[in-house]
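> let's see this in three dimensions:
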Amino acid sequence: MRLTARPAGTRRAVRDNIRAVVLVAALLLTGYAVSIAPPAAQAASVRDCPGIGLPPNGPRMMQDEHGGAGSQLALGINALICSADDGATIDIKSWFVTVRGTAMTRMISVLRLMHAYHHVHVNVFIAKSWYTPQQWSEFRQAFSFATVWSCARACMSGIPGSIDHSKWMTVSRLRARNGGGTVVLSTSLNPSGEQFDSGQSGIAVFRDPTVYAPFQREWNAYVSCASGHGCNHVIPTGQWQGLYRTKVWFEPSKLDPTHEALKTLNCSHGGLIDVMSLYLYRTTILSDLLRLRAQGCRVNVILEHWDPSKPAPWTQLHPKCAFNHDKMVLIGVGSLHEVIAGSQDQTPSEVLDDDNQMVMTTNPYTVAHYWRYFNDGWATSSAQHCSTGGYFG
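Numbers count the residues shown, from 1 in each chain. Below is the predicted model:
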């Protein structure tokens, strides 16, 4: 029998089609979501996922002044996701994550894209108790590509009524063009459409193993508790962890990192202290701020929730009220210039009961960005003195 040879171009096309079928079959067998789109369309999708660039080692501030999907924080989170190296792991820790709204649609899309095209492992740790059955169903459908964990109460304390209130994300390995190494993003944000529209901030810490390692230990403790391998509910005294300008403190803890930072300050030669929080009902922090103001520091406080009927000494604080979900303290006293920011609100029992994280840095670049961020929030017309109708109840 005589075989008629096909033209070389035709043979290559057949081989390419066979390879494509084999690749799709392999991906389906391994559980990856596959888009049966033409190669050009797939390549375009990948190009639509821009990375973080080449940031220097150490902390970098990201802010969201009611910017929604177009805010620096929203774009920065997506850029961190898109900068993950092939086969890297992204861990997302939050109280809750919702799926509706432009910001969340984009965030979920880039997570799904990186998982499908770059084999990035996505893990999410949230509090299932926060969700209604319908919300939980929507979340699980949207994050079907991710591994999801949850504790019945706060993983670390286990106290009835406690919550997993911490909010952060880690990337185990960045691409070489983004500098390689690890990154941690500590933030005040529960990823959701409503919260991307509020005031928020985050501190991304690049290539600092002394900060990344504590976050990984915390994550592993969460997973151990959620998987039934044991929950360590012994509440530690608490300490700053890290060797350089940037450190992290995890709660629950017996000591309050904010109080530990404020109690030793002396404002007899002046200074400036700025505070943002959802609440401020912890008497130790109120006493610290009033003492420092009386000594000579200027103290400015922006809150979202405030009860103007509270008696003295609360009325002496004179905070401004605004729609703002951030949790941060800025200190400029003498030679000390630092910011402490993260997930902890200044409520009476939150330090001892709930899981939280606070990051502290004296990095001049990051501190300067926080000063500008706070000053913009303080000067905006939407921030009104709480006693004059600016109460957000």
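> helix/strand/coil for the closest residue to T147 other than its chain neighbours?
Leaving aside its sequence neighbours, T147 sits nearest to N123 (C-beta to C-beta, 6 or more residues apart in numbering; 4.8 Å). C-beta: built from backbone N, CA, C; applies to glycine. Following DSSP: H, G, I helix; E, B strand; the rest coil, N123 is assigned to strand.
> which ones are touching R177?
With contact set as C-beta atoms under 8 Å, 6 or more residues apart in numbering, R177 has these partners: G51, L54.
> I'd guess it is in a helix, am I close?
Yes: under three-state DSSP, R177 sits within a helix.
> look at it and report its pLDDT.
Looking at R177, its pLDDT is 96.
> gap between it and D85?
Distance of R177 to D85, computed by C-beta to C-beta, to the nearest Å: 10 Å.
> how about the helices in the stretch 1-150 of the chain?
Along the stretch 1-150 of the chain, counting by DSSP state H, counting those that start in this stretch, helices occupy 8-29, 39-47, 72-82, 102-118, 133-142.
> from the middle of its chain, how far away would the third one be?
Taking C-alpha atoms, centre = their mean, to the nearest Å, one finds helix 72-82 lying 11 Å from the centre of the chain it belongs to.
> list the buried ones in that helix?
Q72, L73, A74, L75, G76, I77, N78, A79, L80, I81, C82 (16 or more other C-beta atoms under 10 Å).
> give me the angle between it and strand 121-125.
130 degrees (axes from the mean of the first three to the mean of the last three C-alpha atoms, to 10 degrees).
> list the contacts of helix 72-82.
Residues contacting helix 72-82 (C-beta under 8 Å, 6+ apart): 49-53, 62-64, 67-68, 90, 103, 106-107, 110-111, 114, 120, 169, 171, 183, 185, 187, 189, 191, 196, 200-202, 204.
> among the residues you listed, name the buried ones.
Counted by 16+ other C-beta under 10 Å, these give 49, 51-52, 62-64, 67, 90, 103, 106-107, 110-111, 114, 120, 169, 171, 183, 185, 187, 189, 191, 196, 200-202, 204 as buried.
> among the residues you listed, which are in strands?
Judged by DSSP state E, the buried ones among the contacts of helix 72-82 include 62-64, 90, 169, 171, 183, 185, 187, 200-202, 204 as members of strands.
> max pairwise distance over the residues you listed: which two?
Q63 and I90 (21.6 Å; C-beta to C-beta).
> for the stretch 251-393 of the chain, give me the ranges with low pLDDT.
Scanning the stretch 251-393 of the chain for pLDDT under 70 picks out the ranges 388-393.
> could you rerun that using 90?
For the stretch 251-393 of the chain, the stretches with pLDDT under 90 are 306-317, 348-349, 380-393.
> where along it do the helices fall?
257-262, 283-295, 350-353, 364-379.
> got the angle between the last one and helix 72-82?
Translated: helix 364-379. 140 degrees.
> how about helix 364-379 as PDB, C-alpha atoms only?
C-alpha atoms of helix 364-379 as PDB (Å, rounded to 0.1, in the frame of the first residue of the first chain):
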ATOM      1  CA  PRO A 364      10.200  56.500  56.700                       C
ATOM      2  CA  TYR A 365       8.600  56.000  53.300                       C
ATOM      3  CA  THR A 366       5.600  54.100  54.700                       C
ATOM      4  CA  VAL A 367       5.200  56.500  57.700                       C
ATOM      5  CA  ALA A 368       5.200  59.500  55.400                       C
ATOM      6  CA  HIS A 369       2.500  57.900  53.300                       C
ATOM      7  CA  TYR A 370       0.300  57.300  56.400                       C
ATOM      8  CA  TRP A 371       0.700  60.900  57.500                       C
ATOM      9  CA  ARG A 372      -0.600  62.100  54.100                       C
ATOM     10  CA  TYR A 373      -3.400  59.500  54.200                       C
ATOM     11  CA  PHE A 374      -4.500  60.600  57.600                       C
ATOM     12  CA  ASN A 375      -4.300  64.300  56.900                       C
ATOM     13  CA  ASP A 376      -6.500  63.800  53.800                       C
ATOM     14  CA  GLY A 377      -9.000  62.000  55.900                       C
ATOM     15  CA  TRP A 378      -9.000  64.600  58.600                       C
ATOM     16  CA  ALA A 379      -9.400  67.500  56.200                       C
END
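> packing partners of it?
strand 58-65, strand 199-206, strand 272-277, strand 298-303, strand 328-333, strand 336-342 (3 or more C-beta pairs under 8 Å, 6 or more residues apart in numbering; DSSP states H and E).
> tell me which of those strands sits nearest to A154.
Once those are compared by C-beta to C-beta, strand 336-342 is nearest, at 15.4 Å.
> before we move on, the earlier item: which of the ones in strands among the buried ones among the contacts of helix 72-82 sits closest to P160?
T187 (27.1 Å).
> starting at the chain centroid, how far to stretch 325-337?
19 Å.
> again, but for stretch 342-358
So, by C-alpha atoms, centre = their mean, the centroid of stretch 342-358 is 15 Å from its chain's centroid.
> before we move on, what about stretch 265-275?
With C-alpha atoms, centre = their mean, you get 28 Å for stretch 265-275.
> do the same with stretch 209-227
15 Å.
> please apply the same query to stretch 98-106.
With C-alpha atoms, centre = their mean, you get 16 Å for stretch 98-106.
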